[in-house]
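Asks: dropping the sequence and predicted coords here.
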Amino acid sequence: MDHTDQAQLQSDNRFANLLFLFAAMLVVLSLIALALWGLPAIAMVGLAATVAVFFMLIAYAAGW
């Protein structure tokens, strides 16, 4: 494994950690919203998750 492969692997790992952190933050925000607003928060969480997945797919398609 040369230096370029190792740098790419490190970059991929950093990006994967960022995605996991983002997903964990969404879960925490969902639980807070559910505690504050009750069941209507589930609809808001569903819409926010749809938008988040949409933007992640756009980012993937753009090559980020």
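Replies: Arrived safely, thanks for sending.
Asks: what helices or strands is the host helix or strand of Leu9 leaning on?
Replies: In the assignment (DSSP states H and E), Leu9 maps to helix 3-37. In terms of contacts (3 or more Cβ pairs under 8 Å, 6 or more residues apart in numbering; DSSP states H and E), helix 3-37 is packed against helix 40-62. The C-beta positions use only the backbone N, C-alpha and C, and glycine is treated the same way.
Asks: picking up where we left off before, now the helix holding Leu9 against helix 40-62, angle please.
Replies: Orientation check (axes from the mean of the first three to the mean of the last three Cα atoms, to 10 degrees): helix 3-37 against helix 40-62 gives 160 degrees.
Asks: now helix 3-37: mean pLDDT?
Replies: Taken as a whole, helix 3-37 has a mean pLDDT of 87.
Asks: in it, what's buried?
Replies: Ser30, Ala33 (16 or more other Cβ atoms under 10 Å).
Asks: can you give me the distance of Val27 to Ala43?
Replies: 17 Å (Cβ to Cβ, to the nearest Å).
Asks: before we move on, what about Leu9?
Replies: From Leu9 to Ala43 the distance is 40 Å (Cβ to Cβ).
Asks: now the helix holding Leu9: how far from the chain's centre is it?
Replies: Put simply, helix 3-37 sits 5 Å off its chain's centre (Cα atoms, centre = their mean, to the nearest Å).
Asks: cool, stretch 57-64 as well?
Replies: Counting by Cα atoms, centre = their mean, stretch 57-64 comes out at 13 Å from the chain centroid.
Asks: stretch 38-52 now?
Replies: Using Cα atoms, centre = their mean, the offset of stretch 38-52 from its chain centre is 14 Å.
Asks: try stretch 51-61
Replies: Worked out by Cα atoms, centre = their mean, stretch 51-61 lies 9 Å from the chain centre.
Asks: who's in contact with that stretch?
Replies: Leu19, Phe22, Leu26 (Cβ atoms under 8 Å, 6 or more residues apart in numbering).
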